[in-house]
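Asker: pasting a predicted model and its sequence here:
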Amino acid sequence: MGSSRVSEVVMSIVVVLVLLQLLPANGQPRKCNFKQRSPCPPKPNNGLGHIVLVHGAGQGEWFWYKVTPILEAAGYKVTTVQLGPSVTMDVDSLENVSFSTYSKPLFDLLECIDHKVLLVAHSAGGFNIAVAMEKYPNKILAGVFIAAYMPDTTHSMSYVLDQGANYTEGWQDTCIVKSGSTTWYFFGDGFLTSKLYHKCPPEDIALMRTQKRPGSFFYNEMAEMHLTNENYGSVDRFYIAIEDDLAVATDYQHVMIANFPVKEQKLINGSGHEVMLSKPLELAAHILDIARQYSSHFVTAKASRYRTWAGWVEMRAKPKSVLRNALWD
């Protein structure tokens, strides 16, 4: 037998052995799972807390990519929720999207988990977590509204949209279309870069242009929806205001807080509307400061070794420009 023939036989044996390794004990091929994550995250091990991040209209879960690793570095389980519609959905398909179906990924998550979470929302995501707090008050430790619309229990949910219109300067190059009874907004690049992302690094603006999607405030549905003191009103609320916000006006953020007082309010300066991209460390510090108020639920082994969450991040070679006042003890 020639050397080339021997090489072919050896190679065939190697290939067979590799294929056998891919088979489980019963001889059936393994089934691949292409889902990014489990649809129902298990309860965090070792008493670690669970923070759920919800994006606003026309955005996506991607824009939490800077905040998520900071929260995880402090020892938390973090889940980002992708609300519909998808980036590729066309206008005709939007007719079948309601507030309920749009919010379904968040509601499904809360339906299946067996533990409490800290809900965090940005901008129009405030509507989604408000209804989630109404539906699942026993599964939510608190709701954190970041430059977000925050409805009350006295008026319909559309009230904050009506009042907010007095502070809106216009949508510039945004394309506004009607699909069924719902108005959809395709935010234009000019509006996004001058009103929402004007404080963000250029690479985040470039990324945003590949990820933007249609958004809606579901006004007609909001006008028919009312939240209750027994459910929504029974859950702790926090508000993180943005001082120089050109999308949800800073003055109006304070009006919403005065209209429906929160447990605690915080303020971030110089970030613009998309604070999670322009000042992720400062935003994460505030979220963690809120989380520590529920230490009986959030026992973080990693964070407990250090006086501040910032100290732990610095141990991981993170930038030193972090807040020093988000104390764990």
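Answerer: Now that the structure is in, tell me what you want to look at.
Asker: CA only for contacts and neighbour counts going forward, please
Answerer: Fine.
Asker: ok, what's across the strand from residue 242?
Answerer: On the basis of DSSP bridges, residue 242 is bridged to residue 268.
Asker: isn't it up against residue 276?
Answerer: No. Taking contacts as Cα atoms under 8 Å, residue 242 lies outside contact range of residue 276: 11.2 Å.
Asker: between those two, who's got more neighbours?
Answerer: residue 242 (26 against 22; other Cα atoms under 10 Å).
Asker: in the stretch 101-250 of the chain, which spans are strands?
Answerer: 117-122, 140-146, 175-179, 182-186, 236-242 (DSSP state E, counting those that start in this stretch).
Asker: got TSV for these, with distance to residue 293 and mean pLDDT too?
Answerer: TSV is the format used below for these (distance: least, Cα to Cα, whole Å; pLDDT from 0 to 100):
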stretch	distance to residue 293	mean pLDDT
strand 117-122	11	97
strand 140-146	10	98
strand 175-179	42	87
strand 182-186	37	90
strand 236-242	11	98
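Asker: turn those into JSON lines, including distance to residue 94.
Answerer: Listed next are these as JSON lines, based on distance: least, Cα to Cα, whole Å:
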{"stretch": "strand 117-122", "distance to residue 94": "22"}
{"stretch": "strand 140-146", "distance to residue 94": "27"}
{"stretch": "strand 175-179", "distance to residue 94": "6"}
{"stretch": "strand 182-186", "distance to residue 94": "8"}
{"stretch": "strand 236-242", "distance to residue 94": "31"}
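Asker: of those, which approaches residue 200 most closely?
Answerer: Checking the strands of the stretch 101-250 of the chain against residue 200 by Cα to Cα gives strand 236-242 as the closest, at 14.1 Å.
Asker: and the lowest mean pLDDT element among the helices and strands of the chain?
Answerer: helix 309-315 (a mean of 38; mean pLDDT, DSSP states H and E).
Asker: any regions of this protein where pLDDT drops low?
Answerer: 1-7, 9-11, 14-39, 46-48, 85-93, 296-329 (pLDDT under 70).
Asker: about what we covered before: looking at the strands of the stretch 101-250 of the chain, which is closest to residue 225?
Answerer: Within the strands of the stretch 101-250 of the chain, the stretch nearest residue 225 is strand 182-186; the backing value is 15.0 Å (Cα to Cα).
Asker: any idea how far residue 294 is from residue 104?
Answerer: 27 Å (Cα to Cα, to the nearest Å).
Asker: which of these two has more neighbours?
Answerer: The neighbour count for residue 294 versus residue 104, taken as other Cα under 10 Å, is higher for residue 104 (17 against 14).
Asker: how about the nearest residue to the more buried one, chain neighbours excluded?
Answerer: Once flanking residues are discounted, residue 104 sits nearest to residue 83: 7.4 Å by Cα to Cα, 6 or more residues apart in numbering.
Asker: surely residue 121 touches residue 51?
Answerer: No. When contacts are counted by Cα under 8 Å, residue 121 is not listed as touching residue 51 (10.7 Å).
Asker: the strand or helix carrying residue 282 to strand 236-242, inter-axis angle?
Answerer: In the assignment (DSSP states H and E), residue 282 maps to helix 280-291. Per axes from the mean of the first three to the mean of the last three Cα atoms, to 10 degrees, the angle that helix 280-291 makes with strand 236-242 is 160 degrees.
Asker: quick one: distance of helix 280-291 to the chain centre.
Answerer: 14 Å (Cα atoms, centre = their mean, to the nearest Å).
Asker: all set, thanks.
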